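> got a structure for you, letters missing:
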Ligand code: ADP
Ligand code: MG
């Protein structure tokens, strides 16, 4: 079953058209990978799917679980079970990691949670991400290393427990051990029948997570969809062959 359907999506950033008619189906319980050269529009796609206000949908439709969500705000999409990790997470001074995630979760579920139980669960999940518990009381991403910011995105993912996650280069800037830890956590998350879209340039994050579909996004369009073997081709040959095929 399709959890997300993107149909003929056109997106402008400022007055420039970045996405030029994207068709993409994400299937329930499956892992989809999007690869493509820098500037192709990969981050634009996930931001538009999540209704980031800087990305203007000029044409096309997005369906989540069969429902057209074109008119829904980002917070409304989050409540339906959609989640995106940022390629470049923002620093939010004044808001601790713990308060941020607890407020997000209460907003999504509409239920109040006791601080003590929340804290216990948060610490358990931080431990599995090999994050120091003390980070829970630090301001969100402020002074975090690149890798710590990315782990904090994964922490949000596991705590918010969405049905569909879109991870935008979550592996970039991570050291080898951190890629392994993130990969393990995403794999564990996947085992709960979640739908996952991973944007990456590297194979390492996929060592544990076997992709069901690999899509190539090139100049604002999905130009190829195949199985995991496409990753090997891209690792060997880059994207020069795409030009000829298009
Ligand atoms: P990718 O993630 O595939 O590397 P992006 O979606 O980030 O590509 O960007 C696609 C194009 O859109 C690039 O040319 C980029 O400069 C432009 N773009 C994306 N976001 C913005 C923005 N907020 N302001 C200006 N240009 C942007
Ligand atoms: Mg990007």
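That came through fine. Keep in mind the model is a prediction, meaning the values are calculated, not measured. Ligands and ions are numbered 1, 2, ... in the order given.
> tally up the residues packed near the residue nearest to residue 196 when sequence neighbours are not counted, please.
Nearest non-adjacent residue to residue 196, counting by Cβ to Cβ, 6 or more residues apart in numbering: residue 31, 4.7 Å away. Where C-beta positions appear, they are placed from N, C-alpha and C, glycine not excepted. Counted with other Cβ atoms under 10 Å, the neighbours of residue 31 add up to 22.
> now swap in residue 12 and tell me
Other residues near residue 12 come to 17 when the count uses other Cβ under 10 Å.
> mind listing what it touches?
18, 55, 56, 58 (Cβ atoms under 8 Å, 6 or more residues apart in numbering).
> and for residue 171?
Applying Cβ under 8 Å, 6+ apart, one finds that residue 171 lies in contact with 150, 179, 182, 183, 200, 202, 204, 205.
> flag every residue of this structure that's near ligand 1.
If contact is defined as Cβ under 6 Å from any ligand atom, the residues of the chain in contact with ligand 1 are 13, 14, 18, 36, 38, 39, 40, 41, 42, 43, 44, 54.
> can you give me the separation between the second one and residue 44?
It stands for residue 14. 11 Å (Cβ to Cβ, to the nearest Å).
> look at those two and report which has more neighbours.
More neighbours surround residue 44 than the other of residue 14 and residue 44, with 22 against 8 (other Cβ under 10 Å).
> okay, and the more buried one sits in which element?
Residue 44 belongs to helix 42-49 when assigned by DSSP states H and E.
> same question, residue 90
Taking DSSP H and E as the criterion, residue 90 maps to no regular element, lying outside all helices and strands.
> state the pLDDT value of it.
What the model reports for residue 90 is a pLDDT of 95.
> quick one: it and residue 141 touch, right?
Yes - under the criterion of Cβ atoms under 8 Å, residue 90 is in contact with residue 141, at a separation of 6.5 Å.
> which of these two has more neighbours?
A side-by-side neighbour count of residue 90 and residue 141, using other Cβ under 10 Å, places residue 141 first with 21 against 9.
> what sits against that one?
Taking Cβ under 8 Å, 6+ apart, we find residue 141 in contact with 89, 90, 91, 92, 148, 149, 152.
> what sits closest to it if chain neighbours are left out?
Excluding the flanking residues, the one nearest residue 141 by Cβ to Cβ, 6+ apart is residue 91, at 4.4 Å.
> for the one you found, list the residues it contacts.
If a contact means Cβ under 8 Å, 6+ apart, then residue 91 has 139, 140, 141, 142, 143, 144 as its contacts.
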